[in-house]
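Peer 1: here is my input, please return the structure:
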Amino acid sequence: MKTALVIEDDEGIRSNVVDLLNEEGFASIGAGDGRAGLDLARSARPSLIVCDVRMPEMNGHDVLREVRADPTLRATPFVFLSAAADRVDVRNGMNLGADDYVTKPFTRMELLESVRTRLARHSMLSKIERAPIVAGAAQASATAMAPIDGDRVVLHDPHMRAIYEQASRVAVSPLSVLILGETGSGKEVLAQSIHKASSRSKQPIVALNCSALTETLLEAELFGHERGAFTGAVSARPGLFECAQGGTVFLDEIGEMPMVIQVKLLRVLEERRVLRVGGRTPIDIDVRFVSATHRDLEAAIERGSFRADLYYRLAGLTVTLPPLRDRPSEILPLALLFARNAAHRLDRQEAPELSHAAREVLLSHAWPGNVRELRNVIERAVVLAPTRMIDTPHLPPKLLAEDRQRRTPLLEPPPESAPLSSLRGEMDSLMRSRIVQALDRCAGNQTAAADLLGMSRRTLVARLSQYELPRPRKRL
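Peer 2: Got it, this is the predicted structure:
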């Protein structure tokens, strides 16, 4: 039976949540403060933690920080309860590794929906992590995909969570999946996740970049060839589809595929049979197709460079990954993940940390190269950092220049602006001029001039003395 831990200093709320989760099938336990809750978490190893944010002595963020630092609890779904979940509060919690926020007062269904969603996601990611990758064809251009970086997928952005939750449902079906998104946004990682969460996970996932080969070589790599099919074909060779038998074929940059190959791929999708180059007997195949591209395929169809019928065959489900700049809550968690992986490859014992200044630089960058660019920046920084602390000198000069430029308008006045020291003088000059104009308009009547200027007569008289103006007499 699944165990739920509820950490809440309000006894009434704690009791209600415990009862609600018990009805949902949990064996629920409660704690009245953060320290007691953390002790219970370490002893009971719950399947789920629901925790209040604002508590005396040890708040929810401190509890979460300790949970994520404990290897035995690190992957436990963690849902916050908060009476005032403002943007900063949510961002800080998500950066620490929270899975969701439920705002008080909440309904029964709101809490249960959050709990069910987080447990379903946790189940999917656990399956992804456990499933091994079986090597595919030993080819330079068609190789088995590398494991996902790190121990788990970083999913802090709500849109990304929804995408992966949808992928977990589709993974068990035979649907072909088309993944759209900018270069480096994580299309390969999602493709691999779909494979690992499917019933084909024990068979190979084999990938091919369709833009990396000429038309002739692409055909041979995809479909294979018989001996003597062309010059240099001294022996028969199976293609990508045969090597992935029972598994998944990942066609990256499908938008770059030549039209002639598109026609042949369409036939494979329809008939589930492949004919080697130079062959006469079709070979039955059983593979799942996942494709990806950064191109706008619908626009390519209108231009006539991509077949509409192939598009609809590949797009059983279409998923669009947002660029990294649109999911800023994942920048720092991804950076720390890449830093930990890089340090491990360098045989360093301690995981690197990011200084506050380095975090600010990373968060301010637009990341046109997306996750791939971030990984390259962090791996470089880990190599350059002599200690476990990554600071701004270890980041690329381009990022530092951008950060300086971003801060300049806040720190330096524009060249054409007057010096700040002259501001008081400008104000005094303007006030003196307005007083003279008011007195002239009111024929020297100081009371009327003060009313016109919106000040008392006493203040006007003081200003006359301050600006060394003679006190006028009423004109007859």
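Peer 1: start to end distance for stretch 198-215?
Peer 2: In terms of CA to CA, to the nearest Å, the two terminal residues of stretch 198-215 are separated by 31 Å.
Peer 1: buried sites along that stretch?
Peer 2: The neighbour-count check on stretch 198-215 (16 or more other CB atoms under 10 Å) flags S198, R200, S201, Q203, P204, I205, V206, A207, L208, N209, C210, L213 as buried. The way it works is simple: take the backbone N, C-alpha and C, and place the C-beta from them, glycine included.
Peer 1: touching, the second one and Q245? I think so.
Peer 2: No. Using CB atoms under 8 Å, R200 makes no contact with Q245, being 10.2 Å away.
Peer 1: how about low-confidence regions in the chain?
Peer 2: Applying pLDDT under 70 to the chain flags the ranges 84-91, 94-95, 120-152, 232-233, 406-426, 473-476.
Peer 1: got the domain ranges for it?
Peer 2: Split into domains by automatic domain parsing, the chain comes to 3-128, 142-322, 325-411, 422-466.
Peer 1: now those domains in CSV, with distance to P472?
Peer 2: Compiled in CSV, the domains of the chain are given as follows (distance: least, CB to CB, whole Å):
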stretch, distance to P472
domain 3-128, 57
domain 142-322, 69
domain 325-411, 46
domain 422-466, 4
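Peer 1: going along the chain, name the strands of the stretch 151-300 of the chain.
Peer 2: Taking DSSP state E, counting those that start in this stretch as the criterion, the stretch 151-300 of the chain contains strands spanning 177-180, 205-209, 224-225, 237-238, 248-252, 273-274, 283-284, 288-293.
Peer 1: any idea which of the ones you listed gets closest to R116?
Peer 2: strand 177-180 (23.9 Å; CB to CB).
Peer 1: partners of the closest one in the sheet?
Peer 2: strand 288-293 (parallel), strand 317-320 (parallel) (DSSP bridges).
Peer 1: give me the distance between I29 and R118.
Peer 2: Counting by CB to CB, to the nearest Å, the separation of I29 from R118 is 18 Å.
Peer 1: and for M389?
Peer 2: 33 Å.
Peer 1: P282 too?
Peer 2: For P282, the distance to R118 - CB to CB - is 46 Å.
Peer 1: of these two, who's got more company?
Peer 2: Using other CB atoms under 10 Å as the criterion, P282 and R118 rank with R118 on top: 21 against 14.
Peer 1: quick check: phi and psi at that one.
Peer 2: Dihedral angles of R118 (phi, psi; degrees, to the nearest 10) stand at phi -70, psi -40.
Peer 1: picking that back up, is it possible to get TSV of the strands of the stretch 151-300 of the chain that adds distance to L334?
Peer 2: TSV is the format used below for these (distance: least, CB to CB, whole Å):
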stretch	distance to L334
strand 177-180	18
strand 205-209	22
strand 224-225	38
strand 237-238	37
strand 248-252	21
strand 273-274	38
strand 283-284	41
strand 288-293	19
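Peer 1: out of the ones you listed, which comes closest to D62?
Peer 2: Short answer: strand 177-180, nearest of the strands of the stretch 151-300 of the chain by CB to CB, at 38.1 Å.
Peer 1: next, the buried residues of that closest one.
Peer 2: V177, L178, I179, L180.
Peer 1: how far away is the last one from A300?
Peer 2: To tie it back to what came earlier, the one meant is L180. L180 is 12 Å from A300, by CB to CB.
Peer 1: repeat for the second one
Peer 2: Between L178 and A300 the distance, using CB to CB, works out to 13 Å.
Peer 1: ditto for the third one
Peer 2: To A300, I179 is 16 Å away according to CB to CB.
Peer 1: kindly report the same for Y101.
Peer 2: Counting by CB to CB, the gap from Y101 to A300 is 40 Å.
Peer 1: one more: V263?
Peer 2: 15 Å.
Peer 1: go on, L452?
Peer 2: 70 Å.
Peer 1: repeat for G37
Peer 2: Counting by CB to CB, the gap from G37 to A300 is 54 Å.
Peer 1: of those two, who's got more company?
Peer 2: The neighbour comparison of G37 against A300 (other CB under 10 Å) goes to G37, with 29 against 17.
Peer 1: give me the neighbour count for V263.
Peer 2: With other CB under 10 Å as criterion, V263 counts 12.
Peer 1: swap in M55?
Peer 2: M55: 22 neighbours (other CB under 10 Å).
Peer 1: in contact with it, which residues are there?
Peer 2: With contact set as CB atoms under 8 Å, 6 or more residues apart in numbering, M55 has these partners: I7, E8, D9, D33, G34.
Peer 1: how about 10 Å then?
Peer 2: 7-10, 31-35, 37, 61-63 (CB atoms under 10 Å, 6 or more residues apart in numbering).
Peer 1: for ChimeraX, what selects the buried ones among the residues you listed?
Peer 2: With 16+ other CB under 10 Å as the burial test, the buried ones among these are selected in ChimeraX as follows:
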select :7,8,9,31,32,33,34,35,37,61,63
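Peer 1: which residues in the stretch 1-150 of the chain form strands?
Peer 2: Using DSSP E, counting those that start in this stretch, strands in the stretch 1-150 of the chain cover 3-7, 27-31, 48-52, 78-82, 100-103, 142-144.
Peer 1: if L5 is in a bridge, with which residues?
Peer 2: I29, I49.
Peer 1: residues contacting it?
Peer 2: L5 sits in contact with 18, 21, 26, 28-31, 37-38, 40-41, 44-51, 67, 76, 78, where contact means CB under 10 Å, 6+ apart.
Peer 1: separation between it and G12?
Peer 2: For L5, the distance to G12 - CB to CB - is 18 Å.
Peer 1: got it, and M109?
Peer 2: 19 Å.
Peer 1: then R375?
Peer 2: In terms of CB to CB, R375 sits 47 Å off from G12.
Peer 1: neighbour count: the two, which is higher?
Peer 2: More crowded of R375 and G12, by other CB under 10 Å: R375, with 20 against 8.
Peer 1: how about that one, nearest residue that isn't a chain neighbour?
Peer 2: F338 (4.8 Å; CB to CB, 6 or more residues apart in numbering).
Peer 1: over to A448?
Peer 2: C442 (4.0 Å).
Peer 1: T318 now?
Peer 2: L178 (4.8 Å).
Peer 1: return the residues in contact with that neighbour.
Peer 2: 187, 251, 254, 289-293, 297, 311-320.
Peer 1: which among those end up buried?
Peer 2: 187, 251, 254, 289-293, 297, 311, 313-317, 319.
Peer 1: pick the one among the residues you listed closest to L217.
Peer 2: L251 (14.8 Å).
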